[in-house]
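K.L.:
coordinates only, sequence not included:
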């Protein structure tokens, strides 16, 4: 989900498992030389196509020793989830609604596709969660964000990447 901490945790997680970190949205921003919020100006379909192409490119051009922070919608579009499962271990950062709302309400204008009012945000997040959770729950590892730290991550991920 947006606001779960994917970008925040990317570098600490990559460092502890000695993987190369890649932020999918960051790569899209590099390509278009603008923030995601301005890349497609609420044209989600165009964004999802660019996101899919960048995901494919990252997977094709990087080793197995890579950790990718995807956007929250990445696994729910096209066959991205299957592609991710085929090429790696999927981790879902599970976050409760109150925490998500608190984080996202602070910077509504910085995030693409979010309602620009706090009133609309609650219903939007509930709809988004209902739509995406079936994809998220197919992850290899589900980590509750409220308990998350680097040690907990390492303890949970180690058996999956070093069987």
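P.N.:
Yes, it's here. Everything numeric in this text was worked out from a predicted model, so none of it was measured. Numbers count the residues shown, from 1 in each chain.
K.L.:
Now the element after the host helix or strand of residue 30, going C-ward?
P.N.:
For residue 30, the enclosing helix or strand under DSSP states H and E is helix 24-32. Sequence order places helix 36-39 as the next helix or strand after helix 24-32, per DSSP H and E.
K.L.:
Stretch 85-99: which residues count as buried?
P.N.:
Neighbour counts using 16 or more other C-beta atoms under 10 Å place 87, 88, 90, 91, 92, 93, 94, 95 of stretch 85-99 among the buried residues. Any C-beta I mention is one placed from the backbone N, CA and C, and that applies to glycine too.
K.L.:
any chance of those in a markdown table, plus distance to residue 7 and secondary structure?
P.N.:
Converted to a markdown table, these look like this (distance: C-beta to C-beta, whole Å; DSSP: H, G, I helix; E, B strand; the rest coil):
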| residue | distance to residue 7 | secondary structure |
| --- | --- | --- |
| 87 | 20 | helix |
| 88 | 18 | coil |
| 90 | 17 | coil |
| 91 | 14 | strand |
| 92 | 15 | strand |
| 93 | 11 | strand |
| 94 | 16 | strand |
| 95 | 13 | coil |
